[in-house]
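Undergrad: just a sequence and a predicted model for now, questions to come.
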Amino acid sequence: MIKEMIANGKSNTYTIEKNGIKKLIHQTPWYSNGKVAGMVEISIETPEGMPHRVR
């Protein structure tokens, strides 16, 4: 999946739950001088009872 994201410049975002802790994960290519130079992954713990809205 990472190879595909780097080749296509696409991001990947999803949620997980591990040991009762829910997290939002965002992965995206990182660019330097217009070329892919690596990957960035951001992991954000979502609080218990966090509101979810459908719009």
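TA: On my side now, so go ahead. Since this is a predicted model, take the numbers as computed values, not measurements.
Undergrad: burial count for Ser32?
TA: Ser32 has 8 neighbours, counted by other CB atoms under 10 Å. The C-beta positions use only the backbone N, C-alpha and C, and glycine is treated the same way.
Undergrad: give me the phi and psi angles of it.
TA: Dihedral pair for Ser32: phi -140, psi 120, per degrees, to the nearest 10.
Undergrad: show me what contacts it?
TA: Taking CB atoms under 8 Å, 6 or more residues apart in numbering, we find Ser32 in contact with no residue.
Undergrad: and the gap between it and Gly38?
TA: According to CB to CB, to the nearest Å, Ser32 stands 8 Å off from Gly38.
Undergrad: what's the answer for Lys3, then?
TA: 13 Å.
Undergrad: also Glu17?
TA: Applying CB to CB, the value for Glu17 to Gly38 is 27 Å.
Undergrad: which ones are touching Ile21?
TA: When contacts are counted by CB under 8 Å, 6+ apart, Ile21 touches Glu45.
Undergrad: for it, list each beta-bridge partner.
TA: Ile21 forms beta bridges with Lys18, as assigned by DSSP bridges.
Undergrad: burial count for Val36?
TA: Neighbour number of Val36 under other CB under 10 Å is 13.
Undergrad: joint contacts of Ser32 and Gly38?
TA: In terms of CB under 8 Å, 6+ apart, Ser32 and Gly38 are not both contacted by any residue.
Undergrad: mind jotting down where the strands sit in the protein?
TA: 12-18, 21-32, 35-45 (DSSP state E).
Undergrad: next, the buried residues of the second one.
TA: Right, the one you point to is strand 21-32. Gln27, Pro29 (16 or more other CB atoms under 10 Å).
Undergrad: give me the mean pLDDT for that strand.
TA: Throughout strand 21-32, pLDDT has a mean value of 95.
Undergrad: what's the angle from it to strand 35-45?
TA: Interaxial angle of strand 21-32 relative to strand 35-45 (axes from the mean of the first three to the mean of the last three CA atoms, to 10 degrees): 160 degrees.
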